[in-house]
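Novice: starting from these lines, generate the structure:
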Amino acid sequence: MPRGCGTRNAVKDLTSLPATVISAVSPGARARFELVWPGFRRSDILHFVRVRCPGRVVVDNTKYWLILALLTGGGWLFHQNYQIARFDGGLQIIRRTVSDNTSADAPPASASRQTIRIASLNAHVLGRSKLEKSQAINILCRLIRRYDIIAIQDIRARTDDVIPRLIEMVNLDNREFDYVIGPRVGRSPDLQQFAFLFDRNTVEVDRHQLYVVNDPDDLLQYEPLVAWFRVRGPPSDEAFTFSLVNTRVDPSRPQPELDKLDDVYRAVLRDGRQEDDVLLLGDFGADDKNLGELGAMADIYAVISQIPSNTERTQQLDNVLFEHRSTREFTGQGGCFDFLREYNLSMQEALEVSTHLPVWAEFSIYEGGTPGKVAGTKQDLR
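Specialist: This next block holds a predicted model:
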């Protein structure tokens, strides 16, 4: 250590302590700073360590620990609430979306709960081969159990046993999930199916009213799948009822199809059910600012706004859309569930599950968001 600088009240013998010592020499002040990390024995260190430099500037060790604590705490808070992601060609600090306020595999709440959660996931080539990947399928089952309903896109299999087998795995955790699935859609050889997986304890579906949107002019690569649901629990004439439109646009040409999805939305509104709550959910291949004529609808609301929804957090592709004025049951809660972070996976492990994150939104179990309001349709489920 240079003459004129010394350490008073210093560690007796640093080499004997179970601690990491980091030393740095400041050329301007000719001072050597030593930082002893946690693990040292207090009995070997007096009350404080001082670093003396020319001019007798004395810096108390306590200040360094205080700064370190503030930086550590600030970093933790930043990590919990924000993340740095590549988005739209650059780096962007984004606020983390609202996370499910439940444990990773929490069962549904009791019948007294007041909300349901509806999600969507592009499962990225969900077929027999993925069912054989034990870790990936276990994570997928955990994701499904988080929600009352989840719309699944990109089911690709020549046989019809993929979703039944998946449901069996989901229900191994003492759950009661069921499903409805549509026919294969698309242009050969790119055929896939859409499905809705749902918890029978919290919602019910009209299986006789499941249908694929008619597209006689072949304007859409994959015709959307439509299903009508009602929440269980409240009296049937007060329960929240809604139509879900399971959607995936052609990723190679999303804009022409987005310009037709507003017509799909209006067609579902006029499908004879007199249902005013229609939700489009799925993979739209674009962010909420570039939804074409669909996004230009007067009262359309996107739950996911300017937040990446792919697993690598570089693009916004998925969303849940509805007319805000009609669907007052929306509680304002929703987002992307970052299962890579929540389940502490590597990027490769997460991509084995899907290249997309689940997107979700929360709704009241009561029509109109309050008890006592009569639902728009009273048709019995068959």
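Novice: any low-confidence regions in the chain?
Specialist: The model of the chain has pLDDT under 70 over residues 1-61, 63, 75-112, 375-382.
Novice: what segments of it are helices?
Specialist: With helices called from DSSP state H, the chain shows them at 61-81, 128-131, 134-145, 162-170, 254-269, 292-295, 339-342, 347-353.
Novice: please name every helix or strand in contact with the third one.
Specialist: Think helix 134-145. Helices and strands touching helix 134-145, by 3 or more CB pairs under 8 Å, 6 or more residues apart in numbering; DSSP states H and E, are strand 115-126, helix 128-131, helix 162-170, helix 339-342, helix 347-353. C-betas here are computed from N, CA, C, even on glycine.
Novice: tell me the contacts of Pro358?
Specialist: Ala119, Ser120, Leu121, Leu143, Arg146, Tyr147, Ile150, Cys336, Phe337, Phe339 (CB atoms under 8 Å, 6 or more residues apart in numbering).
Novice: put together a markdown table for these, with distance to Leu68 on each row.
Specialist: Shown next, in a markdown table, are the contacts of Pro358 (distance: CB to CB, whole Å):
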| residue | distance to Leu68 |
| --- | --- |
| Ala119 | 41 |
| Ser120 | 43 |
| Leu121 | 41 |
| Leu143 | 38 |
| Arg146 | 37 |
| Tyr147 | 41 |
| Ile150 | 43 |
| Cys336 | 33 |
| Phe337 | 33 |
| Phe339 | 32 |
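Novice: of these - the most surrounded one?
Specialist: Using other CB atoms under 10 Å as the neighbour test, the contacts of Pro358 are led by Ser120, with 31 neighbours.
Novice: how much space separates that one from Asn344?
Specialist: Distance, Ser120 to Asn344, using CB to CB, to the nearest Å: 24 Å.
Novice: same deal with Arg156?
Specialist: Counting by CB to CB, the gap from Arg156 to Asn344 is 29 Å.
Novice: kindly check the end-to-end length of stretch 305-321 for me.
Specialist: 11 Å (CA to CA, to the nearest Å).
Novice: got the buried residues for that stretch?
Specialist: For stretch 305-321, the neighbour count (16 or more other CB atoms under 10 Å) marks 307-311, 313, 315-321 as buried.
Novice: cool, stretch 166-175 as well?
Specialist: Residues of stretch 166-175 classed as buried: Leu166, Ile167, Met169, Val170, Arg175 (neighbour count, 16+ other CB under 10 Å).
Novice: same check, this time on stretch 318-337
Specialist: Under 16+ other CB under 10 Å, the buried positions of stretch 318-337 are 318-323, 326-327, 329-330, 333-337.
Novice: ok, which pair from those residues is furthest apart?
Specialist: Of all pairs drawn from the buried residues of stretch 318-337, the widest gap by CB to CB lies between Ser326 and Phe337 and measures 25.8 Å.
Novice: bridging residues for Gly282?
Specialist: The partner list for Gly282 in beta bridges (DSSP bridges) reads Thr247, Asn319.
Novice: number of nearby residues for it?
Specialist: Gly282 - counted by other CB under 10 Å - has 30 other residues nearby.
Novice: that one contacts Pro251, correct?
Specialist: No: using CB atoms under 8 Å, Gly282 and Pro251 do not qualify as a contacting pair, with a distance of 12.0 Å.
Novice: identify the contacts common to those two.
Specialist: Joint contacts of Gly282 and Pro251 (CB under 8 Å, 6+ apart) do not exist.
Novice: what's the residue closest to the geometric middle of the chain?
Specialist: Here the mean C-alpha position of the chain is nearest to the C-alpha of Phe337 (CA atoms, centre = their mean), at a distance of 1.6 Å.
Novice: my guess is that residue contacts Leu357. True?
Specialist: Yes: shown here, Phe337 and Leu357 form a contact pair, counting by CB under 8 Å, at 6.0 Å.
Novice: and Glu223, how far is that from Arg248?
Specialist: 10 Å.
Novice: looking at these two, which is more packed in?
Specialist: Taking neighbours as other CB under 10 Å, Glu223 and Arg248 compare with Arg248 leading, 28 against 21.
Novice: next, the contact list for the more buried one, please.
Specialist: Contacts for Arg248 (CB under 8 Å, 6+ apart) come out as Asn122, Gln153, Asp154, Gln192, Phe194, Gln221, Tyr222, Pro224, Gly282, Asp283.
Novice: and the third one, how many neighbours?
Specialist: Asp154 is surrounded by 21 other residues when neighbours are defined as other CB under 10 Å.
Novice: same question, the last one
Specialist: By the measure other CB under 10 Å, the count of residues near Asp283 is 26.
Novice: more crowded one of Arg156 and Asn344?
Specialist: Taking other CB under 10 Å, Arg156 and Asn344 do not tie; Arg156 has more neighbours (19 against 8).
Novice: show me the contacts for that one.
Specialist: When contacts are counted by CB under 8 Å, 6+ apart, Arg156 touches Val125, Leu126, Gly127, Leu191, Gln192, Gln193.
Novice: give me phi/psi at the closest residue to the fourth one other than its chain neighbours?
Specialist: Translated: Leu191. Leaving aside its sequence neighbours, Leu191 sits nearest to Arg184 (CB to CB, 6 or more residues apart in numbering; 4.4 Å). The phi and psi values for Arg184, taken as degrees, to the nearest 10, are phi -70, psi 130.
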